[in-house]
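# Dropping the sequence and predicted coords here.
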Amino acid sequence: MQNTEAPAQQSPERAAWNRVGTALIPGVVAPERFAAIKSEAEERLDEATPHVHDHTAAHRDGSFATPVHCAFIEPGPALQNLAYDKELLVAVREHTGVPRLVPRGGAVVLYREGDFQGLHLDSVKSTVTVAFALSEDLPAMGWAPHLYNASGDVLAKVVADHGMFPEGGEFTTLQHPYGGEGAVRAFAGYGVPHWRRPMTGTGLLVTMEFFDL
């Protein structure tokens, strides 16, 4: 949920977060931790759970969905340890200016050739989504900060007018860093619509959820 503090009381980080909905957080994934997370994800490729639906809907929790075709890999010990890491939590709170965030775990999204995610909002439990790529060449996702906190009706009209992979105008992209370089991308998954166009290869993306109490 977006902050309701008076502007004068907001930190510079919170003001920036409320304006752009994203922050790059450097130096929070150590090389050995990244290697362990990537290894355990690759070992679980055959156990990935398909995430497929073909509907467009505004959900009661305020989230919004269009068709999606990808898969999720359950987190192993290395990813679980990172998702609940106190140093990561402190860094996410500091860079977003959201002081009451609590971690809710993580997973790895598996994209095979042709997989996609149409324009959507994450669950209300993802006030802040934190992600980094396990694949060096993962394409940027679509990103629409001008629709920050837009209603389901507005997003449905956007999809009707522009499709579930809108391009041009104010629609832009957001790149997730390759985790081997130590950085993660925090973004307002519940607030800003985002999407991923059909993949031309295979890609792995770590995602972690943080909820504002």
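All right, it came through fine. Numbering: from 1, shown residues only.

# distance between the ends of stretch 172-190?
End-to-end span of stretch 172-190 (Cα to Cα, to the nearest Å): 17 Å.

# Only the buried residues of that stretch, if you could.
Residues of stretch 172-190 classed as buried: 174, 176-179, 182-190 (neighbour count, 16 or more other Cβ atoms under 10 Å). Where C-beta positions appear, they are placed from N, C-alpha and C, glycine not excepted.

# Same check on stretch 59-68?
Across stretch 59-68, burial judged by 16+ other Cβ under 10 Å covers S63, F64, A65, T66, V68.

# can you give me the end-to-end distance of it?
Separation of the first and last residues of stretch 59-68 by Cα to Cα is 15 Å.

# Given the lowest-mean-pLDDT helix or strand in the chain, what are its sheet partners and their directions?
Ranking every helix and strand in the chain by mean pLDDT, DSSP states H and E puts strand 57-58 at the bottom, with a mean of 84. Sheet pairing of strand 57-58 (DSSP bridges) gives strand 64-65 (antiparallel).

# what's the nearest residue to E136 if we skip its chain neighbours?
For E136, ignoring the flanking residues on the chain, the nearest one in space by Cβ to Cβ, 6 or more residues apart in numbering is Y178 at 5.1 Å.

# from what I can see G152 touches G62, true?
Yes: G152 lies in contact with G62 (Cβ atoms under 8 Å); the separation is 7.5 Å.

# What lies in contact with the longest helix along the chain?
In the chain, ranked by residue count with DSSP state H as the criterion, the top helix is helix 31-43. Outside of helix 31-43, the residues within contact range by Cβ atoms under 8 Å, 6 or more residues apart in numbering are 73, 76-79, 81-82, 108, 134, 179-180, 182, 204, 206.

# Report the two of these separated the most.
Greatest spatial distance among the contacts of helix 31-43 (Cβ to Cβ): I73 and G182, at 21.7 Å.

# phi, psi of the residue nearest to E136?
Backbone geometry at Y178, expressed as degrees, to the nearest 10, gives phi -80, psi 120.

# Spell out the secondary structure type for M164.
Here M164 is recorded as coil under DSSP: H, G, I helix; E, B strand; the rest coil.

# what's the neighbour count on the closest residue to it other than its chain neighbours?
Take M164 and drop its neighbours on the chain: the residue closest to it by Cβ to Cβ, 6+ apart is G118, 3.2 Å away. Using other Cβ atoms under 10 Å, G118 is surrounded by 23 other residues.

# ok now do G118, which residues does it touch?
G118 is in contact with T56, A65, T66, P67, V68, V159, M164, F165, W195, counting by Cβ under 8 Å, 6+ apart.

# What distance do you get for it to H162?
Per Cβ to Cβ, to the nearest Å, G118 is found 11 Å from H162.

# Could you do A156 as well?
Using Cβ to Cβ, A156 is found at 11 Å from H162.

# Next, find the distance separating the spatially most central residue of the chain from D46.
Nearest residue to the geometric centre of the chain (Cα atoms, centre = their mean): T129, 4.4 Å. Per Cβ to Cβ, T129 is found 26 Å from D46.

# Equivalent analysis for R14, please.
Look at R14 and D46: by Cβ to Cβ, they are 42 Å apart.

# Look at those two and report which has more neighbours.
Taking other Cβ under 10 Å, R14 and D46 do not tie; R14 has more neighbours (18 against 6).
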